[in-house]
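1. A predicted structure for the sequence below; I have some questions about it.
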Amino acid sequence: MDKTITVIGSFGEVVATDRIVFAISCSSSKPTADEARDSVDKRQKYITQSCINDGGKDVRENCLLTKSGDMFTFIKETRVTLSSTEKLDTLRNKFVEKLDNSIKLHDTLYGFKEKTLAETSKRAFTNACRVATDKANHLCNNMDVKLGECVKIEELSADWIQNSNLANNYTEREYRCSVQAQYRIIQ
């Protein structure tokens with residue numbers, strides 16, 4: 001019967017968010033619907049163009065017109081997908097500095113592209129296996145035996161961790177993977 005050694009290897013990687021959805025709305029209340037819409041459209045052109053110029057992808061707009069008493073309120077919301085927090089900060093600062101209080105900045109959604117998720121999990125698994133192999137080599141060296149081939153690798157856990165120790169816990173996530181690896185020992 002072959003002698004084996006079994007070790008656990010773990011690896012964690014912090015990944016920056018690469019899919020950010022930012023929303024801003026602009027509103028105006030006027031005596032007529034046309035006046036309210038025209039007032040919003042003047043600022044909306046600047047908002048839409050700024051989103052595109054500052055690297056926004058998938059810029060979408062939604063409109064709502066309501067009437068209350070003698071006044072019409074027109075609201076236009078713009079949602080833009082960004083790839084970095086730097087682009088988000090640039091847009092936020094620009095809108096706060098240049099536009100009046102008729103705009104509203106909404107909560108920002110942070111996420112990952114599917115490709116990022118797949119690449120991160122593959123990298124973490126590969127590195128966890130490397131850590132396990134290094135541990136097995138170290139143990140074999142201490143026992144004066146030679147490490148043989150890997151006969152079994154099992155993923156014990158793999159998950160995105162909400163880590164409160166990260167500098168910016170909204171725009172970074174940690175992915176951790178642990179594997180158990182079994183190797184033959186050559187005497």
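-> Thanks, I have the structure now.

2. give me the number of residues near Leu156?
-> 12 (other C-beta atoms under 10 Å). Glycine gets a C-beta too; all of them are placed from N, C-alpha and C.

3. List the residues that contact Arg184.
-> Neighbour list for Arg184: Asp2, Lys3, Thr4, Leu147, Gly148, Glu149, Val151 [criterion: C-beta atoms under 8 Å, 6 or more residues apart in numbering].

4. for the chain, what spans make up the helices?
-> Assigned by DSSP state H, the helices in the chain fall at 33-53, 85-98, 114-142.

5. Which one of those helices has the poorest average confidence?
-> If those are sorted by mean pLDDT, helix 85-98 sits at the bottom with a mean of 85.

6. who does that helix touch, helix- and strand-wise?
-> Contacts defined by 3 or more C-beta pairs under 8 Å, 6 or more residues apart in numbering; DSSP states H and E place helix 85-98 against strand 19-30, helix 33-53, strand 71-82, strand 103-105.

7. Could you dump those into JSON lines and include mean neighbour count and distance to Cys140?
-> JSON lines is the format used below for these (neighbours: other C-beta atoms under 10 Å; distance: least, C-beta to C-beta, whole Å):
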{"stretch": "strand 19-30", "mean neighbour count": "19", "distance to Cys140": "44"}
{"stretch": "helix 33-53", "mean neighbour count": "17", "distance to Cys140": "57"}
{"stretch": "strand 71-82", "mean neighbour count": "20", "distance to Cys140": "49"}
{"stretch": "strand 103-105", "mean neighbour count": "15", "distance to Cys140": "58"}
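
8. Identify whichever of these lies nearest to Arg130.
-> Among the helices and strands packed on helix 85-98, strand 19-30 comes nearest to Arg130, with 28.4 Å by C-beta to C-beta.

9. Could you list the paired strands of the closest one along with their orientation?
-> Take DSSP bridges as the rule and strand 19-30 pairs in its sheet with strand 71-82 (antiparallel), strand 103-105 (antiparallel), strand 109-111 (antiparallel).

10. quick one, that strand and helix 33-53 angle?
-> Using axes from the mean of the first three to the mean of the last three C-alpha atoms, to 10 degrees, the inter-axis angle of strand 19-30 relative to helix 33-53 is 160 degrees.
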